[in-house]
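Colleague: structure, please.
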Amino acid sequence: MLFFHQDKLLDQLGDQILATTWAKFPGLAQNQIALTWIVYDEPVPVNTGGALTPAEFWRYDLRGYACRGGEPIYPASVVKLFYLVAIHEWLDKGMIAHSAEVERAIRDMIIDSSNDATSLVVDLLSGTTSGPDLASEPFKTWQYQRNIVNRYFQELNWLELESINVNQKTWCDGAYGRERASVGDQRQHHNRLTTNATARLLHSIVGGVAVSAGRSQTMMTLIQRSLDPAVWQSDEQSEPENNQITGFLGAGLPPTASLWSKAGWMSQVRHDAAYIEIPGLRPYLLVVFSEGKAQSQNEELLPFISQQVVAAMQSLE
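Modeller: Residues are numbered from 1 along each chain as shown. Just a heads-up that it's a prediction; the model follows:
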């Protein structure tokens, strides 16, 4: 079973949000968007500082809505949420040593969405490094080691994680050498996530049960985003993904909202995964993946969807 159940009212509102979106953006095909939306009713089990045990937390019944929520899609930098949880698991279990450089890489991977920092994190997680092509047998060993993050998440036995792949680095210009061989000639082994899988992982972080309550809170601090333009527009030369507000879900929120999120953006996709609190409304979690070159360049799409969801949340009260 999924970690949430369908709800008739959310089905109606979700279908209406997508219909309005397709009317606003007629070039957006129905198979170019995936969405998962979770509403937290009272008593709210998330953002409690880890007050609930994992057993108590996972017993909470959630209602949600999904469109193509189980469709595997290239996640771009949203995969960094999975590497964030994994690196905290490794640190918690003493599998790697804590250091100032590890902390710097984790911070830059999430706050600035640095691909260079992510490269180090993946190396630390897997004990592998990038470099020239390898001979067949050493490459098989390298691939097995690189796949350790997939094995970790599969051991959680979450239905939502069955079709994901999280064993590749993120790049600015692309993979070379053994990294290119790992992705495959047709890029058939690139990273894959679904909006449902991403929603459940983010739900576990916000719920304080990802690795531990303390480490979940550390992760929450890293993914919190300021909606103050003076903060996120401070570097006008930065890429939109770096501030993770421009062109993403945060840009569609009222200034009173609190936002925790991780965006992903490259030439063929524009994604965002967010937990949102707005005074007077129920908290909610929203993950939207959009595909295609036009969507990648469209800075209005995700903010528009975000605005529609805010309006829908207002109708729930």
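Colleague: roughly how far apart are the residue lying farthest from the centre of the chain and residue 129?
Modeller: Of all residues in the chain, residue 135 has its C-alpha farthest from the mean position, at 34.3 Å, by C-alpha atoms, centre = their mean. Using C-beta to C-beta, to the nearest Å, we find residue 135 at a distance of 16 Å from residue 129. Any C-beta I mention is one placed from the backbone N, CA and C, and that applies to glycine too.
Colleague: pLDDT score assigned to residue 235?
Modeller: At residue 235, the model reports a pLDDT of 52.
Colleague: if you could redo that for residue 149, that was the one I meant.
Modeller: pLDDT at residue 149 comes out at 97.
Colleague: phi first, then psi, for residue 182.
Modeller: Note on residue 182: its backbone torsions stand at phi -70, psi -40 [degrees, to the nearest 10].
Colleague: and it, what is it in contact with?
Modeller: Going by C-beta atoms under 8 Å, 6 or more residues apart in numbering, residue 182 touches 142-143, 146, 167-168, 175, 189.
Colleague: check residue 149 too.
Modeller: 82-83, 86, 122, 125-126, 166-167.
Colleague: could you redo the last one with a cut-off of 6 Å?
Modeller: 86, 125, 166-167 (C-beta atoms under 6 Å, 6 or more residues apart in numbering).
Colleague: can you flag the buried ones in those?
Modeller: 86, 125, 166-167 (16 or more other C-beta atoms under 10 Å).
Colleague: in a strand, residue 273, correct?
Modeller: Yes: counting by DSSP: H, G, I helix; E, B strand; the rest coil, residue 273 falls inside a strand.
Colleague: all the strands of the stretch 51-200 of the chain, residue numbers only.
Modeller: 63-67 (DSSP state E, counting those that start in this stretch).
Colleague: now do residue 37, the pLDDT please.
Modeller: 98.
Colleague: burial check on the closest residue to it other than its chain neighbours, number of neighbours?
Modeller: Closest residue to residue 37 apart from its sequence neighbours, by C-beta to C-beta, 6 or more residues apart in numbering: residue 65 at 4.6 Å. By other C-beta atoms under 10 Å, the residues close to residue 65 number 25.
Colleague: equivalent analysis for residue 94, please.
Modeller: 8.
Colleague: how far away is the residue nearest to residue 51 when sequence neighbours are not counted from residue 272?
Modeller: Using C-beta to C-beta, 6+ apart and skipping residues adjacent in sequence, the residue nearest residue 51 is residue 208, 7.2 Å away. Per C-beta to C-beta, residue 208 is found 22 Å from residue 272.
Colleague: got a list of what residue 216 touches?
Modeller: 205, 208, 210.
Colleague: identify, from the contacts of residue 182, the entry nearest to residue 262.
Modeller: For the contacts of residue 182, the closest approach to residue 262 (C-beta to C-beta) belongs to residue 168, at 16.7 Å.
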